[in-house]
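S.K.: Sequence plus predicted model, see below.
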Amino acid sequence: MSYSVQLYSVRTALTEDAAGTLDRLAAIGFTQVEPFDFAARVDVLEPALAQAGLTAPSGHAGLVAGDREQIFDAAERLGIGTVIEPFVGPDNWQDHDSVARTAEALNGAAEAAGKRGLRVGYHNHHFELESTIDGTTALEHFATLLDPAVVLEVDTYWAATGGADPVALLGRLGDRVRFIHIKDGPATLDTKAQVPAGEGSLPIWDIIDAAAGLEVGIVEFDDYDGDLFDGLARSLAFLERGRGQA
């Protein structure tokens with residue numbers, strides 16, 4: 001498993017100076033990033049990634065509502081192998097039919113992606129775990145409707161915020177999960193309360209161990225009441241020190 005960083009964490013800096021922001025992330029020690037809305041900024045990201053010596057194994061893009069071919073074109077330019085749908089709103093997770101429609105859309109996207117050597121995934125928020133369908137969380141119900149080609153990126157912090165035990169959830173989802181978002185804090189909707197990995201309430205190492213098929217762990221802050229680059233550096237340092245190290 002390797003570590004990456006979701007560029008949404010530094011979205012303001014990225015908008016102001018993409019090349020400088022990616023250079024700072026590389027200087028911290030990241031070798032991989034996860035871009036968001038990358039089709040809209042591919043012309044900026046492509047040279048900036050090359051300059052910083054960073055790769056992007058995964059990226060977020062709105063596949064359900066967006067232009068798939070444009071997204072796949074941008075993914076190919078940036079070297080993104082897995083295109084992840086980052087958000088399908090709460091109203092779509094309340095019953096079987098709405099969940100099935102989202103699964104059908106991503107299954108279709110995965111078929112189209114596969115023809116281009118790409119892969120499709122889905123990233124959760126808290127509401128997919130708060131909602132239950134036939135006695136299970138909407139996210140897990142969703143997983144049963146997905147083509148095996150579709151992978152999951154479990155945001156472990158949002159899962160905990162939604163009331164799930166992220167360790168148990170990852171165990172149940174098995175090797176469908178290929179990516180996780182690594183965050184820490186009190187697991188509440190107050191995003192400014194998020195803290196660097198290892199400094200909050202989430203059992204980070206148990207979470208990592210529970211993700212049997214994990215390929216990449218992505219560090220992220222939705223927000224942070226501190227210097228974001230320092231917070232990312234502390235998160236990466238914690239992860240690279242390893243379990244049980246001071």
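M.R.: Alright, I've got the coordinates.

S.K.: from the chain's centre, how far out does the biggest helix by length in the chain sit?
M.R.: Selection of the longest helix in the chain by residue count, based on DSSP state H, yields helix 96-114. When distances are taken as C-alpha atoms, centre = their mean, to the nearest Å, helix 96-114 is centred 18 Å away from the chain's centroid.

S.K.: Check the average confidence over it, would you?
M.R.: For helix 96-114, the mean pLDDT works out to 98.

S.K.: before we move on, what about stretch 35-42?
M.R.: On average, the pLDDT along stretch 35-42 is 98.

S.K.: okay, and for the protein, where does confidence drop off?
M.R.: Low-confidence segments of the chain (pLDDT under 70): 244-246.

S.K.: where along it do the strands fall?
M.R.: For the chain, the strands defined by DSSP state E cover 2-5, 58-60, 82-85, 119-123, 132-133, 136-137, 150-155, 177-182, 216-219.

S.K.: residue contacts, the closest residue to residue 196 other than its chain neighbours?
M.R.: Of all residues not flanking residue 196 in the chain, residue 234 sits nearest, at 3.8 Å (C-beta to C-beta, 6 or more residues apart in numbering). For the C-beta atoms, the positions are set from N, CA and C on the backbone; glycine is no exception. Going by C-beta atoms under 8 Å, 6 or more residues apart in numbering, residue 234 touches 196-199.

S.K.: now do residue 203
M.R.: By C-beta under 8 Å, 6+ apart, the residues touching residue 203 are residue 167.

S.K.: That one and residue 158, how far apart?
M.R.: Distance, residue 203 to residue 158, using C-beta to C-beta, to the nearest Å: 16 Å.

S.K.: So the chain: which segments form each domain?
M.R.: When the chain is parsed with automatic domain parsing, its domains come out as 1-57+68-81, 92-182+198-210+237-246.

S.K.: rewinding a little: any chance of the contacts of residue 234 in a markdown table, plus neighbour count?
M.R.: Conversion of these to a markdown table gives the following (neighbours: other C-beta atoms under 10 Å):
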| residue | neighbour count |
| --- | --- |
| 196 | 23 |
| 197 | 28 |
| 198 | 17 |
| 199 | 15 |
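
S.K.: out of the residues you listed, who's nearest residue 170?
M.R.: Checking the contacts of residue 234 against residue 170 with C-beta to C-beta, the nearest one is residue 197 at 16.1 Å.

S.K.: How about that closest one, nearest residue that isn't a chain neighbour?
M.R.: The shortest distance from residue 197 to any residue other than its chain neighbours is 4.0 Å, reached at residue 235 (C-beta to C-beta, 6+ apart).

S.K.: Next, count neighbours for the one you found.
M.R.: Using other C-beta atoms under 10 Å, residue 235 has 26 neighbouring residues.

S.K.: doesn't residue 194 make contact with it?
M.R.: No. Using C-beta atoms under 8 Å, residue 235 makes no contact with residue 194, being 10.1 Å away.

S.K.: who touches both of the two?
M.R.: Both residue 235 and residue 194 are in contact with residue 184, where contact means C-beta under 8 Å, 6+ apart.

S.K.: gap between the residue nearest to residue 196 and residue 37?
M.R.: Distance, residue 234 to residue 37, using C-beta to C-beta: 26 Å.

S.K.: Ok, residue 232 next?
M.R.: Applying C-beta to C-beta to residue 232 and residue 37 gives a distance of 19 Å.

S.K.: where do the helices sit along this structure?
M.R.: 11-16, 18-28, 42-52, 68-78, 96-114, 127-130, 138-145, 156-161, 166-173, 204-210, 228-241.

S.K.: What is the longest helix of the chain packed up against?
M.R.: Helix 96-114 is packed against helix 68-78, strand 82-85, strand 119-123, helix 138-145, strand 150-155, with contacts defined by 3 or more C-beta pairs under 8 Å, 6 or more residues apart in numbering; DSSP states H and E.
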